[in-house]
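**Q** here is a sequence with its predicted model. Questions after.
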Amino acid sequence: MTWSRGRILGAVLLAVVLVLGGTVALGPWFGGREPLSGSDSDAVSPTPSKPPWETLMLPGYDTDPAPLTLTPVDEASGTPITASFTLDPDSSASGPAVGLSFDATELANPLWGSEQSNLALTLDELDRPALRFGGNGVDRRMWWTSSDEPAPAWAEATVRPADLERVAEVAESADATVTLALDLGHDDPERAADMAAHARQAFGQRLLAVAIGNEPNGYFHPNQPQLAVRDDAWGPAAYQESVREYSAAIREAAPGLPIAGPGAYDAPWWRAFAESGIPHQQALTMHWYPLWDCEGPDTSIANPTVEDLTSPALRERAAHILGMGAEVASQHDLPLWMEETGPTSCPGTNDTSRTHAQALWTVDYAMTAAELGVERIAFHSTLQACRGGAPMSPLCASGELESPGPVVEGRTSYLALIQLGMLPDGQALAPMTSGDGTVMVHGVHGDDGSLAVMVVDLRDPTTAESVPVQISAPSGLPTGETQSWEIIEGSRLSGDSLTTQESTLTALAPLTGEFAGATLGRAQPLTVTSDPGTTTLLLLNPVDQAAASDGGGT
C-alpha cells in the first residue's frame with residue numbers, strides 16, 4: 001500500500017501535551033503473561049491436506065467469499081452520514097507502508113527462514129509490509145556479535161550474521177522493507193556499526209535505514225528505574241553527542257547507510273535528532289501508544305478499555321499527536337515514520353486485548369496516520385505463544401509460553417492489516433464526515449485513477465443500527481483526471497460485538513444487489529450503507545462521463 005503525505009495545516013501544537021500522552025509508552029506492553037481465555041488458543045490446523053507450515057492460520061479470513069452484500073439503503077434506519085474528500089495539491093506520491101514492529105531479540109528467533117514455519121507464508125498476506133526491529137530489548141537484552149564472542153551476563157538473545165540472513169530470506173519472500181535499531185544502551189559504537197554493515201549486506205536495498213537506539217528519551221526515567229541505561233545527566237544534548245559518535249562509526253563501516261531517528265515520543269528528542277547534523281538522515285521516527293493511562297480515572301480518555309479504544313476522541317488525539325510529529329518532520333524536510341505503535345503500552349491483558357475493537361481501531365488509526373503524512377507505520381508484535389504471550393500482538397505462535405512452536409496465527413488486528421493492504425497505491429484524501437465521529441469515512445485516490453473508500457463504523461453492533469452514508473466525489477483532483485467512478489468490488493471486516501475475540505474478513509469480491517455497478521460522479525453522490533462494528537472497503541474504477549451518465553448512484 002502506497003499513499004501520499006499531505007501537508008499538515010494549522011499551528012504547531014504544544015509539546016507538553018505529547019509528554020502527557022506518551023511518557024509511559026516506554027512500558028513493555030508485550031510483557032503480559034496471563035493465560036488467554038475464550039476463542040484465542042494455540043494455532044491448530046483443522047486436518048489440512050498440507051502440513052501446518054504450509055497452511056495459513058488466519059481465523060475468520062474468507063479468501064473465497066460470495067459477493068459482498070450491504071444492507072439495503074431503505075433498511076438503514078440510523079441517522080444519515082455525509083462524506084466528502086479533498087486532494088491536497090501539495091501532497092506527494094509516497095507512504096505509508098504498513099506492517100509489524102518486533103523487538104530486536106526476535107532477530108534470533110528460529111522461526112525466521114525455517115522450513116517448518118508458516119511465518120513467511122503469513123507475512124506474504126500483507127502488501128509489501130514494513131518490518132522493523134527495535135523495542136526495549138535492543139538497548140538492554142540483545143547482544144550482537146559477528147565473531148562468536150561469549151555473550152555478557154545481561155544478554156538474553158545473541159544475534160549473529162546468520163540470523164540477519166534468515167530474516168532477509170523472509171523479507172525477500174514477503175517483499176518487505178526493513179528498518180533496524182542498533183544498541184545505543186551499552187555505548188559501543190563500533191559494535192553497532194558492525195551490525196549495521198552486516199545488515200546492509202544481508203538485506204541489501206530492502207534495508208531502508210538503521211536507527212541509533214530505541215526510545216532514548218526513556219534511558220533514564222524516575223518512574224521506570226528497571227529500564228534505566230543512563231543516569232540523570234542524560235538528555236537531548238547528550239543524545240546528540242552519542243548520535244554523532246555512532247554516525248561516524250557507521251559511516252566508516254557502511255558508508256552512505258541511511259539513518260532514521262530518534263524513535264521517541266517526545267518533541268525535544270525529535271528535534272535533537274533532526275538537528276544533530278549527521279549525514280544521510282532518512283526519516284524522523286516517533287512511537288505512540290494512545291491508551292497509556294493504565295490505571296487512570298474515569299475522566300481519562302486513555303484508559304485501556306474498549307470504550308476509550310473506540311471513542312472518536314482517540315482519533316482526535318491521534319491527529320493532535322501525529323500532527324505535532326508531522327510538523328517537526330516538515331520543518332526539517334524529513335518524512336515521518338511511526339516505527340512502533342499499538343493500542344496500549346500497559347503490560348498484561350486488559351479489556352482491549354485481542355478484541356474486535358482492536359481490529360476496528362487498527363484500520364481507523366492507520367488511515368488517520370496516512371492523512372496526517374505518516375509514510376511508514378509498524379504495529380508492535382512478537383512471536384510469543386498465543387497462550388500467555390503478548391496479548392496485544394497481531395501475531396502469536398503455537399506451543400507453550402516458554403517454548404513457542406513454529407506455526408504462527410493472525411489475530412483480529414492482523415486481519416485489519418490484511419484489509420489495509422487491499423488499498424490501491426495512491427494518495428490519501430483529506431476527509432470531511434458528518435456525525436459524531438463514530439462513523440468515519442476515509443479515502444484514497446489511486447495512481448491509476450481509481451478511488452478507494454473505507455468506512456469505519458466504531459459503533460456497538462449489539463445495540464446500533466445500519467446507517468446510510470452519502471459519499472461525494474473528491475475535489476482537488478488534477479485537471480484531466482476522470483471525475484466518475486463505478487463500484488467494482490469490496491471487502492468487509494466485521495464482528496458480533498466490540499469485545500469479541502473473533503473478527504471476520506472477506507477478501508475482495510464484487511458487490512451484489514442495488515450496489516452492484518453503482519456510480520459516483522461530480523454531481524452524482526453515491527449512497528452506500530454501514531453496519532455497526534465493521535470496516536467496509538469499496539474499490540471504484542474510473543469510467544468516462546458518457547458511461548457514467550447512463551448509470552446512477554444508489
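**A** Perfect, I can see it now.
**Q** contacts only, for Met432.
**A** Ala83, Ser84, Phe85, Thr86 (Cβ atoms under 8 Å, 6 or more residues apart in numbering). Placement of C-beta: from N, CA and C, glycine included.
**Q** quick one, grab the pLDDT at it.
**A** pLDDT, the model's per-residue confidence, is 97 for Met432.
**Q** over to Ser39?
**A** Looking at Ser39, its pLDDT stands at 41.
**Q** cool, and Asn223?
**A** At Asn223, pLDDT is 82.
**Q** before we move on, back to that, okay if I get the contacts of Met432 as CSV plus neighbour count, distance to Gly99 and secondary structure?
**A** Shown next, in CSV, are the contacts of Met432 (neighbours: other Cβ atoms under 10 Å; distance: Cβ to Cβ, whole Å; DSSP: H, G, I helix; E, B strand; the rest coil):
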residue, neighbour count, distance to Gly99, secondary structure
Ala83, 23, 28, strand
Ser84, 19, 30, strand
Phe85, 25, 26, strand
Thr86, 15, 28, strand
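**Q** between those, which sits nearest Val444?
**A** Nearest to Val444 among the contacts of Met432 is Phe85, at 9.3 Å by Cβ to Cβ.
**Q** I figured the closest one was touching Ser475, is that so?
**A** Yes: the pair Phe85 / Ser475 is scored as a contact, 7.2 Å apart, by Cβ atoms under 8 Å.
**Q** on that earlier part again, in CSV: the contacts of Met432, plus distance to Asp460 and pLDDT.
**A** Listed next are the contacts of Met432 as CSV, based on distance: Cβ to Cβ, whole Å; pLDDT from 0 to 100:
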residue, distance to Asp460, pLDDT
Ala83, 21, 98
Ser84, 27, 97
Phe85, 27, 97
Thr86, 31, 96
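**Q** model confidence over whatever helix or strand Ala249 lives in, on average?
**A** Taking DSSP states H and E as the definition, one finds Ala249 inside helix 236-253. Average pLDDT, helix 236-253: 98.
**Q** tell me the helix or strand right after it.
**A** Towards the C-terminus, the helix or strand next in line after helix 236-253, according to DSSP H and E, is strand 259-264.
**Q** so what does the following helix or strand past that next one touch, helix or strand wise?
**A** Counting by DSSP H and E, the next helix or strand C-terminal to strand 259-264 is helix 267-274. Contact here means 3 or more Cβ pairs under 8 Å, 6 or more residues apart in numbering; DSSP states H and E; on that basis helix 267-274 packs against helix 15-22, helix 236-253, strand 259-264, strand 281-288, helix 312-331.
**Q** and these, which is most packed in?
**A** Neighbour counts (mean count of other Cβ atoms under 10 Å) averaged over each of the helices and strands packed on helix 267-274 peak at strand 259-264, with a mean of 29.
**Q** now Pro290, nearest residue through space, not along the chain?
**A** In this structure, Pro290 finds its nearest non-sequential neighbour in Leu314, 5.5 Å apart by Cβ to Cβ, 6 or more residues apart in numbering.
**Q** so, low pLDDT: which residues of the stretch 351-500 of the chain?
**A** The model of the stretch 351-500 of the chain has no residue with pLDDT under 70.
**Q** mind putting the helices and strands packed on helix 267-274 in a markdown table, distance to Asp183 included?
**A** Listed next are the helices and strands packed on helix 267-274 as a markdown table, based on distance: least, Cβ to Cβ, whole Å:
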| stretch | distance to Asp183 |
| --- | --- |
| helix 15-22 | 23 |
| helix 236-253 | 10 |
| strand 259-264 | 13 |
| strand 281-288 | 17 |
| helix 312-331 | 24 |
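**Q** how about the helix holding Ala249 as PDB, C-alpha atoms only?
**A** The C-alpha coordinates for helix 236-253 follow below in PDB (Å, rounded to 0.1, in the frame of the first residue of the first chain):
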ATOM      1  CA  PRO A 236      18.700  15.600  24.300                       C
ATOM      2  CA  ALA A 237      22.200  17.200  24.200                       C
ATOM      3  CA  ALA A 238      23.900  14.000  25.500                       C
ATOM      4  CA  TYR A 239      21.900  12.000  23.000                       C
ATOM      5  CA  GLN A 240      23.100  14.300  20.100                       C
ATOM      6  CA  GLU A 241      26.700  13.700  21.100                       C
ATOM      7  CA  SER A 242      26.100   9.900  21.100                       C
ATOM      8  CA  VAL A 243      24.300  10.000  17.700                       C
ATOM      9  CA  ARG A 244      27.200  11.900  16.100                       C
ATOM     10  CA  GLU A 245      29.700   9.400  17.500                       C
ATOM     11  CA  TYR A 246      27.700   6.400  16.300                       C
ATOM     12  CA  SER A 247      27.100   8.100  12.900                       C
ATOM     13  CA  ALA A 248      30.800   8.400  12.400                       C
ATOM     14  CA  ALA A 249      31.400   4.700  13.200                       C
ATOM     15  CA  ILE A 250      28.500   3.700  10.800                       C
ATOM     16  CA  ARG A 251      30.000   5.800   8.000                       C
ATOM     17  CA  GLU A 252      33.300   4.000   8.500                       C
ATOM     18  CA  ALA A 253      31.800   0.500   8.400                       C
END
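**Q** give me the contact list for that helix.
**A** The contact list for helix 236-253, computed with Cβ under 8 Å, 6+ apart, reads 182, 184, 187, 189-190, 192-194, 196-197, 210, 212-213, 216, 230, 257, 259, 261-262, 268-269, 271-273, 275-280.
**Q** still on that earlier bit, which of the contacts of Met432 sits closest to Trp112?
**A** The closest of the contacts of Met432, once distances to Trp112 are taken by Cβ to Cβ, is Phe85, at 40.2 Å.
**Q** need the contact list for that closest one.
**A** Neighbouring residues of Phe85 by Cβ under 8 Å, 6+ apart: Leu429, Ala430, Pro431, Met432, Gly443, His445, Ser472, Pro474, Ser475.
**Q** go again with 7 Å.
**A** By Cβ atoms under 7 Å, 6 or more residues apart in numbering, the residues touching Phe85 are Leu429, Ala430, Pro431, Gly443, Pro474.
**Q** of these, which is the nearest to Leu395?
**A** Among the contacts of Phe85, and counting by Cβ to Cβ, the member closest to Leu395 is Gly443, at 28.8 Å.
**Q** got phi/psi on the closest one?
**A** Reported as degrees, to the nearest 10, the phi and psi values for Gly443 are phi -150, psi 150.
**Q** cool, and Pro532?
**A** phi -60, psi 140.
**Q** equivalent analysis for the one 3 residues further on, please.
**A** In this entry, Thr535 is assigned phi and psi values of phi -120, psi 120 (degrees, to the nearest 10).
**Q** then Pro542?
**A** Dihedral pair for Pro542: phi -70, psi 150, per degrees, to the nearest 10.
**Q** any chance of the contacts of Met432 in JSON lines, with distance to Pro304 too?
**A** Shown next, in JSON lines, are the contacts of Met432 (distance: Cβ to Cβ, whole Å):
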{"residue": "Ala83", "distance to Pro304": "30"}
{"residue": "Ser84", "distance to Pro304": "34"}
{"residue": "Phe85", "distance to Pro304": "32"}
{"residue": "Thr86", "distance to Pro304": "34"}
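**Q** of all those residues, which comes closest to Leu539?
**A** Ranked by distance to Leu539 (Cβ to Cβ), those are led by Phe85 at 15.0 Å.
**Q** identify the residues contacting Met440.
**A** Counted by Cβ under 7 Å, 6+ apart, Met440 has contacts Arg315, Asp364, Thr433, Val456.
**Q** isn't the third one right up against Pro312?
**A** Put plainly, it is Thr433. No: the criterion here is Cβ atoms under 7 Å, and Thr433 misses it with Pro312 at 10.0 Å.
**Q** sorry, back to before: and the helices and strands packed on helix 267-274: which comes nearest Arg387?
**A** Nearest to Arg387 among those is strand 281-288 (27.6 Å), distances taken as Cβ to Cβ.
**Q** drop anything exposed from the contacts of helix 236-253.
**A** Neighbour-count burial (16 or more other Cβ atoms under 10 Å) is assigned, among the contacts of helix 236-253, to 182, 184, 189, 192-194, 196-197, 210, 212-213, 216, 230, 257, 259, 261-262, 268-269, 271-273, 276, 278, 280.
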